[in-house]
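**Q** Output the structure for:
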Amino acid sequence: PVSYAHVFPYSRRPGTPAAALPGQLAGPVKAARAKALRQIAEAQAARFLARLGREQTLVVAVERTGPTAGTCEHYVDCHFATDPARPIGSLVAARPVGVDGEGLCVVALPPEAP
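**A** Prediction:
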């Protein structure tokens, strides 16, 4: 499963051994291949998010205040359906409730009693 792919075309760096290798691809070929790979990665990420949406509990590291929160243990951007009112840097148990253009929408679970 893939949640994110960082795709970029190789660019020559003068003075490096790779810059002198034969068979360098033309810019349009590299751009087309990068575009195709990004499309595949986006489809894979959508399938991965849909599967995460069926899991019971995630741990979200709160990185921002407000309804947009942070990242879960699967390195997926998460935002809370309602603000969990937890400080930045805290870990919040959450349940996925949907997937949208911002990542995974989650609701915070009540903190466990000591």
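**Q** Could you use CA atoms for every contact and neighbour count after this?
**A** Noted.
**Q** Pull the contacting residues for the residue nearest to L37 when sequence neighbours are not counted.
**A** Once flanking residues are discounted, L37 sits nearest to V7: 7.3 Å by Cα to Cα, 6 or more residues apart in numbering. V7 is in contact with 34, 37-38, counting by Cα atoms under 8 Å, 6 or more residues apart in numbering.
**Q** So which of these are in helices?
**A** Taking DSSP state H as the definition of helices, these contribute 34, 37-38.
**Q** could you dump the residues you listed to CSV with pLDDT and distance to P111?
**A** What follows is the ones in helices among the contacts of V7, written out as CSV (pLDDT from 0 to 100; distance: Cα to Cα, whole Å):
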residue, pLDDT, distance to P111
A34, 95, 44
L37, 94, 41
R38, 93, 38
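**Q** could I get these as TSV with neighbour count and distance to I88?
**A** Formatted as TSV, the ones in helices among the contacts of V7 follow (neighbours: other Cα atoms under 10 Å; distance: Cα to Cα, whole Å):
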residue	neighbour count	distance to I88
A34	17	35
L37	16	34
R38	17	32
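**Q** now these in TSV, with distance to L109?
**A** Listed next are these as TSV, based on distance: Cα to Cα, whole Å:
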residue	distance to L109
A34	40
L37	37
R38	34
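**Q** Quick check, central residue of the chain?
**A** For the chain, the residue nearest the mean C-alpha position is V76 (4.0 Å; Cα atoms, centre = their mean).
**Q** Which one of the contacts of V7 is nearest to V107?
**A** R38 (29.5 Å; Cα to Cα).
**Q** for that closest one, what are its contacts?
**A** With contacts defined as Cα under 8 Å, 6+ apart, R38 is in contact with 5, 7.
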